[in-house]
Structure formats: C-alpha cells, structure tokens
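Asker: need the 3D shape of this:
(chains A and B)
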Number of protein chains: 2
Amino acid sequence: MTMQHFRMYFIAFLMFPFLIFAEDGSQLWLRFPAKNGISADKIITKGNSPTLNIARKELSSHWQGQTVELRTDKSLKNFKDGYTIKSIQNKIIIASAKEIGLLYGVYHILRLQQTNVSTTNLSITEKPSYDVRILNHWDNLDGTIERGYAGHSLWKWEDLPKTISPRYEEYARANASIGINSVVLNNVNASPNMLREDYLKKVKILADIFRPYGIRVYLSVNFASPKVLGGTEDSDPLNKNVQKWWKDKASEIYKLIPDFGGFLVKANSEGQPGPQDYGRTHADGANMMADVLKPYGGIVMWRAFVYSPSKDDRAKQAYLEFVPLDGKFRDNVIIQIKNGPVDFQPREAFNPLFGALRKTSEMVEFQITQEYLGQANHLVYLAPLFKETLESDTYSDGEGSTIAKLTDGTLRPAKITAISAVANIGEDANWTGHHFAQSNWYAFGRLAWNHQLTSEQIAEEWITMTFTDNEKFINPVKEMMLTSRETAVDYMMPLGLHHIFAGGHHYGPEPWGDYKGGRPDWSPVYYHQADKNGVGFDRTKTGSNAVSQYFPPLNEIYGNIETCPENLILWFHHVPWDYKMKDGKTLWEELCYKYDSGVHEVIDYQKIWDQMEPFIDSQRFAEVQSKLKIQSKDAVWWKDACLLYFQSFSKMPIPYDIERPVHELEDLKKIKLNMGHHN
Amino acid sequence: MTMQHFRMYFIAFLMFPFLIFAEDGSQLWLRFPAKNGISADKIITKGNSPTLNIARKELSSHWQGQTVELRTDKSLKNFKDGYTIKSIQNKIIIASAKEIGLLYGVYHILRLQQTNVSTTNLSITEKPSYDVRILNHWDNLDGTIERGYAGHSLWKWEDLPKTISPRYEEYARANASIGINSVVLNNVNASPNMLREDYLKKVKILADIFRPYGIRVYLSVNFASPKVLGGTEDSDPLNKNVQKWWKDKASEIYKLIPDFGGFLVKANSEGQPGPQDYGRTHADGANMMADVLKPYGGIVMWRAFVYSPSKDDRAKQAYLEFVPLDGKFRDNVIIQIKNGPVDFQPREAFNPLFGALRKTSEMVEFQITQEYLGQANHLVYLAPLFKETLESDTYSDGEGSTIAKLTDGTLRPAKITAISAVANIGEDANWTGHHFAQSNWYAFGRLAWNHQLTSEQIAEEWITMTFTDNEKFINPVKEMMLTSRETAVDYMMPLGLHHIFAGGHHYGPEPWGDYKGGRPDWSPVYYHQADKNGVGFDRTKTGSNAVSQYFPPLNEIYGNIETCPENLILWFHHVPWDYKMKDGKTLWEELCYKYDSGVHEVIDYQKIWDQMEPFIDSQRFAEVQSKLKIQSKDAVWWKDACLLYFQSFSKMPIPYDIERPVHELEDLKKIKLNMGHHN
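Answerer: The predicted structure is shown next:
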C-alpha cells in the first residue's frame, strides 16, 4: 500500500468506519470463508485451461477438506455437463466429460462444506435437467432495464469494450456456481443496434469473460434488423437479400464469438416487427434464422408470447397461433412459452400450449424479476411458483405428462432442452434490490439444473449460504419464504383473480382500471369481469371456452365449477358472489378472508424477521426490515383496494371479524405512482 | 310555494334526489318527531314572553304526551334557573323561578320522550351545578377559528347586523336544550376591534337572538384596547384615562346589550398584552375591568393560562404567578383555569392551582375542540376526561376536596360559580366536523348543568337522541365512546407522556421535535426528556419539584415513583427503561403494549362501527366510517413514530408479539402537514 493509498484508506476509515464491515449483500450466496483453502499440492488436475484454473482457485481459496482430484472423463458424456463426485480413500474425485462439469463439481463440494454437509464418503452423480439454462436480461442499450428493479443494467455498453467492470466476472461466477450456462444479454423488445458491429465487439468482451465459467452468450434480435441496419427493402424472411443479411451477420458474430448461443426473438407481439408483417408465419421467420445459425450450432428461441388485438380471450391466443404451425419449425428452433397464458401473474393456470406442440421443442419462460409480485419491495420466494408450473400435469401424453417431463426430454426426446427466466439482476450492490430476491435467481439456477429439488431444500441451502447456519434463523426464515408466494397471491389476487394491476408499472392494485380507447385486454376489468352477479372470467363453454385448449380430463375439471381447483376458480369461471365454497363460506366471504389472511401473513413475517436481528449483520437486517414494512403497507393497500372495489358489486359486508379497510376507495383510485416499466 | 320556487325545488329534486333525505347531522341531538306535538289547548301557561313562546312552540311541535303547564314560581328561586317537573293527575307541571327554567324543563321532558323514558308520574327537581355555563369561541373577526376544525366561524361579521343567518337561532336552541347559558363570541387572542362600535352593534344582534334562549353574551377583550381604539397613551390599568375608557366602553356595551355577561381576558400570556406590561399585576388588571362591569352585574373571567419564558417548569407557572395574588381580586372576578397545568393534553395531572386560591373564585376551562385529540378526525368522547378533572381530589380542604366541589360552591361559598369550555363549533353542516364531536358539546352542556351525571348516562342519552333507540346500536357505540379517550391516550401519549405533538398544528406526533432558537418549553423533547437512561419529566424534589404545588398527601403520592399512578408516571418521573411496572413488564414494554393497544382499540372501533350500518342513515354511517379510517391510520402513525423514536434511546426490542412498525422513522420525520392552527 502506497502512502497515498494508505492516506485515502485512512480517511475513508474515519469517514465511514462502518463501511469496512458493510454487509451490502454483494457477495450473494458465495460467502465462503475467505483465503484459507487447501494448498496447491492437494489439488490434483491435468491441464491448465481457464476453467480449470478457476476451479483450482476456488479450491485453494475456499476448500478446507480432503485432497481433490479433477478428472476429465469422456465416458461420462451422457451426463453432458454433469459430473460425479466420489470419495476414494482420502481423496475426492470429481469427474466430468467436460471441464465446466468439473467446475460445477467444485461448487458442489463447496456448497456441501458451506451448508455443513459431511464431505467424506461422497458418492454423487449429477446430470442437469436441461441443456440450456438461460437467463433473459431485459436490458436496454441505454442502460435501463425493462421490469428491472435493482438499478440500471450491469452491462456498461458505453464503457465497453475498453473498460471492463469487475462485476462481469462476479456475475459469471455466481451463475456458474448454480449451473446457469447461458444468458441473453438484451431486452426481447430488442434494438436493431444490438447487432451493429460496434455492439458485437462489446458483446465479444462479455462472452470472453463468461466463457471460462461455461456461459454462452445469446442475443435478442429485432426482426426488422436487416432493413434498419442493412438497408434491405424489407425484412421479409423469404426475401433473399434479407436471408443473406442474416447469413452474413451470423458469420460476423461467430467470427467474434465462436460459441455464440443464438437468438431470442419476440416477433409480432406487442408492436414488435415480425414475419406476419409480410404475410409470413412465425415458422417462416424462425426457420430463416435457424438456417443461418445451424452451421455454427446456434439455436433460435422463438417466443410464444403473442396476442393479437382480436376479440378472443387473450389467454387462448398463443395456442391458437402456434398449434397450427406444429411440425413446421426447424429442429434448432425451440418455442419459448411463458408459464401461464396471460403474463407472469401471481398465479395462473399453466399455459395450454405446453404439450400441444407435439413435433416442436418447447421451453418454459419464467420471470425471476418480480414484475407482478411486488418488484424489489416484496419478499416473495418464487421456487414454489416455478415448481407449480413444472409439476403441472398437462395430460398431453397421458397422466404424468408434467411440463417438466415435456420440456426436459423425458417424454419426447428433443434436440434441444432448455429453460429460461427473466433475470432480476441490476447494478445495485446486492444485485437484486431485495436481499431475498437473490434467492429467486438462486432457485431458478438450481431448478434449471435439477427440477426435482424441492423448494424447501433450495431455500434451506440458500439461507444457510447467504445468512447463517443457525437453525434459529434458518427455520423461521425458511417458513416465511416457503409461504411467501401464496401470501402474495392472497393479498394481491386470490382464487384465480389476475391482471388487476395498475397499468404501466404493474405494482399496485387497480381493479377499477378500464382504459377506454385502449385494447380491452389491457384493462383490469376485462380480466375480473365483476358485476352484480359475481366475479371472474368465464373460460368455460358458456364463455371463451379456453378450457377446451386443455387436454382431457383437465378441460372437464377446469370447465366444471364444482371440480375446478378453488385457487383458479375465478380464472375459469364467473362465480356468483354467494356461491358456496368448499369450506362453507360464500365466494365473497372467501375473497375477504383470503385478502385479510395475506395481510396478516406479512404482518407475521415482520414479527418473525424482527426476532432475527441477533443472528445476522445489522445492514441486511435493517434493509429487509424496511422492505417488509413496505410490503405490509402494500398488502393493506391491495386488500382495501380490491375489497372496497369488489364490494361495490357484491353489496355484501366484509365479515366483521376482519380488520376494516383503512383506506377510502376514492383515495386509492387517485394514487398514480410515478413509476415506469423501465428503471 | 310560488311556481318559481316549485320549479327550483323540482330541479333540485332531479339533480340531487338524495339531498332531500340527506342526513348531514345538522339536526344535532334535536331529532324530535317533527310537527306532531300536542294541541295548543293542552299547553297551559301565563304570559307571552319570547322564552315562553319558544317553550310553547317546542311543545306544540314535538311533545306528544300529557297536558303541560308551565308555571313561574318565585319560591323556587334557590334553584336559580333550575326547575321542577311534577305529574299531577293527567298533567305535567313544570315550575321554575325563571322563565328560562321553564324552557329547560320543556327540553327535559322532550328528552325523556325521545329517550323512551316514561313521562307519567314524574317528580323531578333540577338545580344547575354552575351559574355560568359558558362556551368559549376562539373565533376571529376574519371568520377563521383558532383550533377550529369544523369550518369557519358561525358568526358572519361582515353580513351582520343586516343579514342574519338562521343558524344563530339554531345554535341558541341547541345550547338551551342542554342548559348552556353563556357564550364568549370571540377568540381569547382578541382583536381590539371587537370592542369597536360597529362590531358591538353586530354583537347586539346575536345577543338579541340568544336572549330568549337564556343565553348571555360575553366578549374576549384585548388588554391594549384603550390605547389601540381610544388613543390613550397606554393601557395601564392604573391610568385614569384608561379606566375612563373602559368605563365608557362598558356603558356603551350595556346600552346595546343590557344583559351583557362580561369579559374574558387572556393577558400577559403568549404575547398578549396585559397589566404586567406596565408593572402591574394580574389583579390590578382584572380589578380595573371588574370595577367598570360591576354596576351592570358583569363579571371578569381572567385566565390563568400564563407561562413566562423562565427556565422553570412550565407546569408550575400559573400557580407561581397566581397564588401570591390570592385575596386581591374583586368578587366579580373569577380565575379561569385550564384543567391541566400544561395545555389540554390527552391526559394531564390536574392543575395544582385548583384549591390553592382560597379567597378567589376559580372555574375550570375545558377544551371541547380537540386540539390535541385528533381534531375533527378522531372519535374521542370527552366526558370521561371532563369527569376525571372534576372528580380529582385536590385535598385542599381535606379529603374529598374535588375540583367539582371547589368550583360549584359546595366547599367554599362563592359569589360566582362557572364552568367553561372552548367550543368545537363551526359552519360545517354537522356543526362539529366529526359527527361524534357533537357528543362533546352535548356532554359539556350536560355536565355544566349537572356534574354528577355519569359519562355513560350522557353517552346513552346522546346516542339515543342523535342516532337511534335500537339497543343493538346503543350498546356497542356507547362502549366505543366510553373507552375512546383512554384509547387516544394509549396511541398518542400513554403513561403520562405529554406534548409530544408536532409544532403548530398539534395534530400528529413529533417526539423528536427540538426547535432550536425557540423556547425550550415549545419543544416535545422538553416534555419527554428521553435519554439512554429513561423517559419522563422529573417533577419530584430531584427535578422541578412541581409535586410540591400539590396538597398533601398528593405531593408525596405523586412524588414517589412507587405510589405515583402509572397513568401519570412519566408526567412526574424520569423513569428508567427497565423500571418494573406493577404488571411485571418493564417500562419500555409497557409503553409498547400501550401504544399497540391504542391502535387495536381503534381497529376494533372500525369493526364495531361497520356492524352499525343497518341501524342508521347511510350518510352519517359513511362519514363516521371514513373518519375512523383516518383515526386508525393516525393511531399507527403515532405508535410507530413514538416507539421507533423512543427505541433509539431504550435500545430495546419491541415485544415480538406486537405488530411491527409499518413506517420508517426517517420517513415520519419528514412529514410536514400543511395545517395552520386557524381553520
């Protein structure tokens, strides 16, 4: 340390003594005991690749157990980038067909060490559930993030390629530690400029940094890029000039990034250009791109999130557009389907497109960023939501045709298996805005690797690694996490209610929203259909008949109010206010108790959390405490807004043992939050 | 009805059909069945005075029982303006030495009828507790009201004397119905202009309207009036020119208003001029005025609410200034003393000046307007507060020397007995802003008439008259009213905390308030004295020794932390955070539970009120419901502000079974309400 450095350090020390011990969450779950790993001679490995060097460094920095041998073993190639871990004599042998598998194995044993699992007598075999485990960043080139709640983008496009943030590598390491092996760097509402030469050179830098961590880079592309950037007369996928432009562009990309992953495309959706602009189909568009990527091993992830301004139920439209195209896609195209047919709601019925495309690869798109789940203010652990979708039985190939088995290659051998989620990562010190939102990044990675893990296992791992191994902390916090998604459903939109958010920012409630002049399906009233008779969207035969898109017996189960699961009853039915629920309450009462219960759960979380103060650092304690206060106020806001509004139809009293609304409906209607959907 | 009137009426009907049935609270408790009283021949009375005519009109409009005879009877003059009511054969005889007593008697039987009390076999004797039962209006000449929360002033000075609002008579009738017989029209922070000839002519109009209802008019006067209005060289009470000016002014007033009541004076207090400006005493000032009023039977109510900018405990100052003057006041001077020694706090120890002036008449000044009790937003029934003061035993003349007995002439025969309260009345349709604030006007009147009535009796009368005689309404609402003052104490400032309000408006909490540069005793931190050791104002011998102003044994009881009532413990003691309270909790815990309990009481009121919907009109139901929402939010605001702030000293956790604070202290500190202390 030079004297000058020392002086600066000393001043900083005087000014911000606490910063030295700041616990800002920047370490994520990677809180290994620092700089006291095993000595170099206890790490046995051949070769000197960047990936192996990282593995070696992690061991020498953090591993405190037996000698570790890292062994590349081509006979394990059926396990893809999976690995085995075996204890033999006083040694742990990690083996994989791929070097990245060895690094994953290293993170595995480090996790065992960190969570106090014995690391002697290991005999572990790990094979990933999906080949492509991919984060979708909705980051714009100007540094904003669509639906980003943790500050601006990590990617400093203006500084690249010259200046390189240390966070690029930290980001790659965090992903590798949980098995994420792919990232889409930019927003699906893509700027054509992403494909400009200068931007590709910046992308190359990131790809180079990510590569040793086993991460391939993908890009969202704008379908109109040839016309915008290349000056072609149009962007018609059947236009030879357009095809040539894409071919040349692919060649340019792969020269810079030989392991480039491929394209993610949002086309003919919410105003984005696409093949339909030229009378072509989604298949025409996707195949044109697939053809140019094919020679390099690239793939096209084509999004099924489409809904035309037709009068038909929005929940039906992806199915209606894509099912007729089944079998028409190239084998390096995979259809990326949001978990539900509307849009990342707190709870949706699963998307009926899953299983309906029999000759086309399908993948799930989850949303880690909490667009509809309190954003960076609410503690909502999403593993239960992810699991709920993955374990949904579509019955497409008979009982047991879960979405997990349909997408992981179990039921229908697929050329590509993949799983994606919209990232919640930004430049905030703690990466995700809310400290507990880190758990959703973590949970997605862990489930993408192994969708059989339970939400509880993942929560326990994450808590232990991120906070403490004290069971007095782990157990109550785990309980809070595990119930948190259902709690959010309860205080936001229980019983199958959906999309009654305020327009634009999707943060607070606006069940009264009725945007005249806009598309009906952009208004909350379209989704809840409340009137004096009842509430809910009739998707049965007497209504939109969306139930018919589900395989038997689900079409019957969902279509019958008596058999429809009550947590989706208002998704599928317009239910009378006095309808008798299974617990004997009327629908109206049930709705009231659900909202109230959601509120009280959050209030209980506050009590739980405050008791956690002795177990962790004061900074993260206080920051989470503060977020819980917001969540608690928001829960009351939701309850009051929804009950007071729906009461104007039900004309029934809120049960008197429930805490009364504290707001006036008219006041709540006046709230206009100054929030964009870009950060 | 002319055609034109009919047309306007019809249009109004079309536009506002609901207005015709509007229940805006304007009728107060005077909701007699309209226009179906007894016939004129069943009302027996001699004479034709305005007062008797009113009595007759009330009976013929609203009385549905037996024949009523109104009989003036000089033999009843010991009962002053009291009365007797006797059933003789099929007749009710109301007798009084004074005509106004007959009108009071009429309101009495109407009240019995309205509250379903049998009106046969009556044998009632009523004698008022106080001669002067007076409302103090803090109304300014510009139409604003200091600490007024029900709109602007009733008195339309600009329109008077020509234009006369019908509300002047409605106001007089409401007062007469509960026995109030005196009003001070203007703010104690008095404009000299009040005594200008043009204003006096306006006052005369009001006096003329009030007179038949038995109400005498008083005025607050500015001590500097002679100099300001009369051009005297000063306003020194010993200056002959000044004395002459007042003498002439009195003569002028009494010519216009022969029954003028007298003056209310705030002198040498909070910047108001007074005799001390000329080195004279309060007695010098009061006596000078008393002398000019004496020939006409007028009195001077001289306020003891004084506190000089000395370093001594503000709670001690009225006592220190006035006790030395005991015996020096004329017999038509009465010292008007606020119930507590600080300023109308939710709870104060009683003012030690009560009983300490042995040769001087004393009267209580209460505050009906809820300056420190949630203003027109909180439901706080004040009868229990009034009763608490009146029943406080000062021990001045031995055990049983309650403030009631000291001021009503029981213990010390007095020339004048009086009781006053600052009114909460404004031009709002419902007169008092909050529908339940009407009950405080009502309760003051009833207690001024008979301080032996219980809070419960008064509440039950008021509820029945104002809302409904349905017991399903009366009982829960009465329960809510009876507990409401203690509830407000709990969520605002329990255990003897006081004056931790935000400066200026006195609405919300500001325990952190520390107004540098101002007087220390204008800052909340002066009153709570919180530090790392504890909280509370040490008024024992080790502190300000204010306890010494109380008669034995109170000085000992209050001065000893073990015997001091816990509801005043922080008024008299600086108590360690871990002090063990009688229930075994620490002081800190007790404080937390008190605040929390206050919050939950209000939440319970909301539940109770919502169940009252079937029993009353929708307008008043909804308006009270809406106010309770505000109160409930404010209660949480108070709890969070005070607990989070005091916690920064106590460093102790809020007990974990208590709902956690929902606000951030730093956010609460930023709240600056845009409220003046004038409406």
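Asker: once you drop chain neighbours, what's closest to residue A:42?
Answerer: Spatial nearest neighbour of residue A:42, excluding adjacent residues (C-beta to C-beta, 6 or more residues apart in numbering or on different chains): residue A:67 at 4.2 Å. From N, CA and C alone the C-beta is placed, and that goes for glycine too.
Asker: how about residue A:68?
Answerer: Leaving aside its chain neighbours, residue A:68 sits nearest to residue A:92 (5.0 Å; criterion: C-beta to C-beta, 6+ apart).
Asker: by contact count, what packs against the longest helix seen in chain A?
Answerer: If you go by DSSP state H, chain A has its longest helix at helix A:618-650. In terms of contacts (3 or more C-beta pairs under 8 Å, 6 or more residues apart in numbering or on different chains; DSSP states H and E), helix A:618-650 is packed against helix A:471-492, strand A:534-535, helix A:587-610, helix A:665-670.
Asker: ok now the shortest one, how far from the chain's centre?
Answerer: Spelled out, that is strand A:534-535. Put simply, strand A:534-535 sits 32 Å off its chain's centre (C-alpha atoms, centre = their mean, to the nearest Å).
Asker: what about the helix or strand that it is followed by, average pLDDT?
Answerer: Using DSSP states H and E, the helix or strand that follows strand A:534-535 in sequence is helix A:554-559. Averaging pLDDT along helix A:554-559 yields 98.
Asker: contacts only, for the residue in the stretch 501-650 of chain A that chain B sits nearest to.
Answerer: Using C-beta to the nearest C-beta, the single residue of the stretch 501-650 of chain A nearest to chain B is residue A:606, 3.6 Å away. Listed by C-beta atoms under 8 Å, 6 or more residues apart in numbering or on different chains, the contact set of residue A:606 reads A:625, A:628, A:629, A:632, B:659, B:660.
Asker: what is the nearest of the residues you listed to residue A:238?
Answerer: If you rank those by distance to residue A:238 using C-beta to C-beta, residue A:628 comes first, at 55.1 Å.
Asker: which residue, other than its chain neighbours, is closest to the closest one?
Answerer: Once flanking residues are discounted, residue A:628 sits nearest to residue A:606: 4.9 Å by C-beta to C-beta, 6+ apart.
Asker: residues near residue A:572, how many?
Answerer: Number of residues near residue A:572 (other C-beta atoms under 10 Å in any protein chain shown) recorded here: 27.
Asker: so residue A:177 touches residue A:27, yeah?
Answerer: No. Counting by C-beta atoms under 8 Å, residue A:177 stays clear of residue A:27, with 11.4 Å between them.
Asker: who has more neighbours, the two?
Answerer: Neighbour count, other C-beta under 10 Å: between residue A:177 and residue A:27, residue A:177 has more, with 23 against 17.
Asker: give me the distance between that one and residue A:497.
Answerer: 37 Å (C-beta to C-beta, to the nearest Å).
Asker: can you classify the nearest residue to residue A:123 once chain neighbours are set aside as helix, strand or coil?
Answerer: Nearest non-adjacent residue to residue A:123, counting by C-beta to C-beta, 6+ apart: residue A:86, 5.6 Å away. Assigned with DSSP: H, G, I helix; E, B strand; the rest coil, residue A:86 falls in the strand class.
Asker: who's in contact with residue A:86?
Answerer: Residue A:86 is in contact with A:92, A:93, A:95, A:122, A:123, A:124, counting by C-beta under 8 Å, 6+ apart.
Asker: tally of neighbours for the third one?
Answerer: A total of 21 residues lie near residue A:95 under the criterion other C-beta under 10 Å.
Asker: surely it is in contact with residue A:77?
Answerer: No. Look at residue A:95 against residue A:77 with C-beta under 8 Å: they stay out of range, at 11.4 Å.
Asker: got the contact list for residue A:37?
Answerer: Remark: with contacts taken as C-beta under 8 Å, 6+ apart, residue A:37 is in contact with A:58, A:59, A:60, A:61, A:62, A:63, A:64.
Asker: from these, which ones fall inside helices?
Answerer: The helices, defined by DSSP H, take in A:58, A:59, A:60, A:61, A:62 from the contacts of residue A:37.
Asker: now the first one. Nearest residue, chain neighbours left out?
Answerer: For residue A:58, ignoring the flanking residues on the chain, the nearest one in space by C-beta to C-beta, 6+ apart is residue A:106 at 5.3 Å.
Asker: that neighbour touches residue A:68, doesn't it?
Answerer: Yes. The criterion here is C-beta under 8 Å, and residue A:106 meets it with residue A:68 at 7.4 Å.
Asker: residue A:650 and residue B:64, how far apart?
Answerer: Taken as C-beta to C-beta, the span from residue A:650 to residue B:64 is 42 Å.
Asker: scratch that, residue A:406 is what I was asking about
Answerer: According to C-beta to C-beta, residue A:406 and residue B:64 sit 81 Å apart.
Asker: which one's more surrounded, those two?
Answerer: Of the pair residue A:406 and residue B:64, residue A:406 is the one with more neighbours under other C-beta under 10 Å, namely 26 against 13.
Asker: show me which residues of chain A are close to chain B?
Answerer: A:603, A:606-607, A:609-611, A:613, A:625-626, A:628-629, A:632-633, A:653-654, A:656-664 (C-beta under 8 Å from any C-beta of the partner chain).
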